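Participant: task: produce atomic coordinates for the following.
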Amino acid sequence: MTVATAHGHPSRIGWELPPFYCPFNEKLIHPKAAELEQRAVEWIDAFGIYPDATERAWGLATHSADFTARIIPYGDVETILLFIEWNYWANAVDDWQDSGSAATRTADIADHSVRLVRAIEAPGSALLPPSPLTEALDDLVARTRALLTPFQLRRFTEGTRDWLFGAGWQTANTERNLMPSLNEFAAMRMSVNGTRFTLTWCDAANDIRLPADVLYSAPVQALTDAAGFIVSCDNDLFSYNKEDHQDPWEQNLLNVVAQHLGCTPREALVPAVALRDRAMTFFVRMRAQLARDADEQLRRYLDSLGHYVAGCIEWQNLAPRYASPRNRNELPVEGSSYGITWRDTPSDGSAEPLPIPAIAWWWQQLDA
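Facilitator: Numbering: from 1, shown residues only. You can find the predicted model right below:
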């Protein structure tokens with residue numbers, strides 16, 4: 001494991017993460033990943049979305065191209081490229097929204113969110129001030145509207161709105177110095193993570209066209225939520241040391257569980273991972289249940305959700321954004337990694353619903 005901690009305060013949880021349970025991890029990556037990254041960086045530089053070399057280095061340290069190539073290991077190259085560029089752009093926005101700065105207020109997030117969504121729904125509305133990010137957004141929107149079907153575009157807009165909705169809720173908690181309860185956290189974490197923003201592109205790149213009555217059915221939505229929740233929990237493990245300088249403390253899985261149990265974040269590692277693993281156990285069962293009678297389109301959707309969960313783990317393990325975080329390093333350290341390990345069984349394999357009302361409905365979708 002190569003992790004840079006040259007300066008800054010000690011980690012509250014350490015640098016060795018518990019083993020990950022992911023029974024469908026195949027370490028897949030799109031064969032055109034290197035080419036896609038090169039083209040995406042050329043787009044970034046053409047629009048100048050980063051103001052200087054340091055910001056550019058940290059923007060590229062997100063490894064957004066690697067993220068996309070791992071969660072969409074197959075699929076249309078041009079669609080994947082556009083999504084990679086959206087990810088680099090969205091990470092720049094997300095870092096501003098999630099900066100922990102007192103200057104980033106709920107009112108600012110709400111105002112920016114309205115303007116951003118309107119820019120997608122009605123190009124040319126001129127609600128965002130001129131800037132490289134706005135010019136890049138205009139380019140993304142024009143190409144997205146030309147590429148996606150009307151249904152996909154509506155899903156993408158709703159996914160963007162859901163992500164910004166989650167960001168506003170999180171910022172409001174920070175502004176009021178509130179750590180959400182475990183139930184509130186579980187209800188909102190998938191929105192904060194931008195799950196539906198991402199999955200629209202996975203479907204578009206893979207040409208998955210589920211009918212609305214199938215996509216929005218309770219069992220498929222429960223599985224989709226579970227995938228987003230697992231990915232979000234994993235992100236909270238990888239990103240904890242990146243955000244542990246913030247005051248008030250970051251609203252993530254470990255801090256929420258620590259508050260819930262009255263323990264330290266380090267002590268919360270084991271029960272937090274157990275919670276995540278029980279969600280994974282549900283995901284595996286629900287996915288298998290849906291696969292029994294699935295047609296080709298639904299089967300491909302189920303496969304895509306598996307790629308999403310597994311690919312996110314592999315990406316975060318290798319991204320300098322997490323393994324050599326900015327609050328401890330002047331520049332990202334290429335080659336840094338958490339060096340994670342794997343386990344074959346869940347740390348909590350209970351088939352019972354998690355005692356969290358906001359997500360207990362997932363288990364109600366399972367056959368008796």
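
Participant: flag the shaky bits of the stretch 51-200 of the chain, pLDDT-wise.
Facilitator: Residues of the stretch 51-200 of the chain that meet the criterion pLDDT under 70 lie in 94-104.

Participant: can you show me the helices along it?
Facilitator: With DSSP state H, counting those that start in this stretch, the ranges of helices along the stretch 51-200 of the chain come out as 53-60, 64-71, 77-97, 106-121, 132-147, 150-175, 182-192, 195-205.

Participant: packing partners of the fourth one?
Facilitator: Applying 3 or more CB pairs under 8 Å, 6 or more residues apart in numbering; DSSP states H and E, one finds that helix 106-121 contacts helix 77-97, helix 132-147, helix 150-175. Every residue, glycine included, has its C-beta placed from N, CA and C.

Participant: ok, now with 6 Å
Facilitator: Contact partners of helix 106-121 among helices and strands, from 3 or more CB pairs under 6 Å, 6 or more residues apart in numbering; DSSP states H and E: helix 150-175.

Participant: ok, now the second one?
Facilitator: Applying 3+ CB pairs under 6 Å, 6+ apart, one finds that helix 64-71 contacts helix 33-47, helix 77-97, helix 296-318.

Participant: out of those, which gets nearest to Q251?
Facilitator: Proximity to Q251 (CB to CB) singles out helix 77-97 among those, at 12.7 Å.

Participant: what about L140, neighbour count?
Facilitator: Neighbourhood size, L140 [other CB atoms under 10 Å]: 21.

Participant: quickly note the distance from it to R115.
Facilitator: Computed as CB to CB, to the nearest Å, the L140 to R115 distance reads 15 Å.

Participant: helices along the stretch 251-368 of the chain, start to end?
Facilitator: Using DSSP H, counting those that start in this stretch, helices in the stretch 251-368 of the chain cover 253-261, 265-292, 296-318, 320-323, 357-360.

Participant: what about V284, neighbour count?
Facilitator: 18.

Participant: and the pLDDT at the spatially closest residue to it that is not a sequence neighbour?
Facilitator: Nearest non-adjacent residue to V284, counting by CB to CB, 6 or more residues apart in numbering: P23, 6.2 Å away. Note for P23: predicted pLDDT of 96.

Participant: before we move on, what about R321?
Facilitator: In this prediction, R321 carries a pLDDT score of 95.
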